[in-house]
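Visitor: missing the sequence, but the structure's below:
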């Protein structure tokens, strides 16, 4: 969690830009309530599940440029220019966002709902997600990737398993984990 705090502080500085001035009190920005912050970003009344589903499914052109939204195994962190709001995920669910690819990908660990882009946008794919320990199939469906090239699933927390994807005669698989140390952004699933 300390790493995330440092990364968020760095992100806040990046979003705010470098400033020079004589005051040690920080930027001259009025803090708003969490509810107002969510409302300002079109997320009024949404919990973490609803906010994640909403933001990940937005068309790329409609994504807010002034908001960083990062999915961690147990929370959604929303950061604006000078404020951060954290929403807890349900204790029994974790969001796993998958960007299968044929040719190009990017490194990712915690999914950014506003900046991550995958190769295969708006494509029908077959997805099967299996809990290795229990041998249970937790997802088995045909889904359409979002405009950002990802497709997301709410799966049980604290499992380790395999994601298998099929698309256009190609297939691939990747291991995943929804433990506290698990990635919420799967970008290493190449289809061959």
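Guide: Nice, I can see it. Values in this document were obtained by computation on a predicted structure and should not be read as measured data.

Visitor: right, and the helix or strand after the helix or strand where residue 128 lies?
Guide: Here residue 128 sits within strand 124-131, counting by DSSP states H and E. Downstream of strand 124-131, the first helix or strand assigned by DSSP H and E is strand 136-144.

Visitor: in that next one, what counts as buried?
Guide: 138, 139, 143 (16 or more other C-beta atoms under 10 Å). (C-beta placed from N, C-alpha, C; glycine too.)

Visitor: I'd like to know which elements that strand is packed against.
Guide: Secondary structure elements in contact with strand 136-144, counted by 3 or more C-beta pairs under 8 Å, 6 or more residues apart in numbering; DSSP states H and E, are strand 124-131, strand 151-156.

Visitor: most packed of those strands?
Guide: Of all these, strand 151-156 carries the top mean neighbour count, a mean of 19, counting by mean count of other C-beta atoms under 10 Å.

Visitor: Quick one: distance of it to the chain centre.
Guide: Relative to its parent chain, strand 151-156 has a centroid offset of 11 Å by C-alpha atoms, centre = their mean, to the nearest Å.

Visitor: mind checking which of the helices and strands packed on strand 136-144 is nearest residue 57?
Guide: Closest approach to residue 57 among the helices and strands packed on strand 136-144 (C-beta to C-beta): strand 151-156, 8.3 Å.

Visitor: who does the host helix or strand of residue 163 pair up with?
Guide: Using DSSP H and E, residue 163 maps to strand 160-167. Its sheet considered, strand 160-167 pairs with strand 124-131 (antiparallel), strand 170-177 (antiparallel) by DSSP bridges.

Visitor: what are the ranges of the strands in the chain?
Guide: Secondary structure of the chain, counting by DSSP state E: strands at 68-71, 75-79, 84-88, 93-98, 124-131, 136-144, 151-156, 160-167, 170-177, 185-186.

Visitor: so which of the ones you listed gets nearest residue 33?
Guide: Nearest of these (C-beta to C-beta): strand 84-88, 9.4 Å.

Visitor: Check which strands are paired with that closest one and give the direction for each one.
Guide: Here strand 84-88 is paired, per DSSP bridges, with strand 75-79 (antiparallel).

Visitor: gap between the strand it pairs with and the chain center?
Guide: Centre-to-centre, strand 75-79 and its host chain are 9 Å apart (C-alpha atoms, centre = their mean).

Visitor: by how many degrees do it and strand 93-98 diverge?
Guide: 60 degrees (axes from the mean of the first three to the mean of the last three C-alpha atoms, to 10 degrees).
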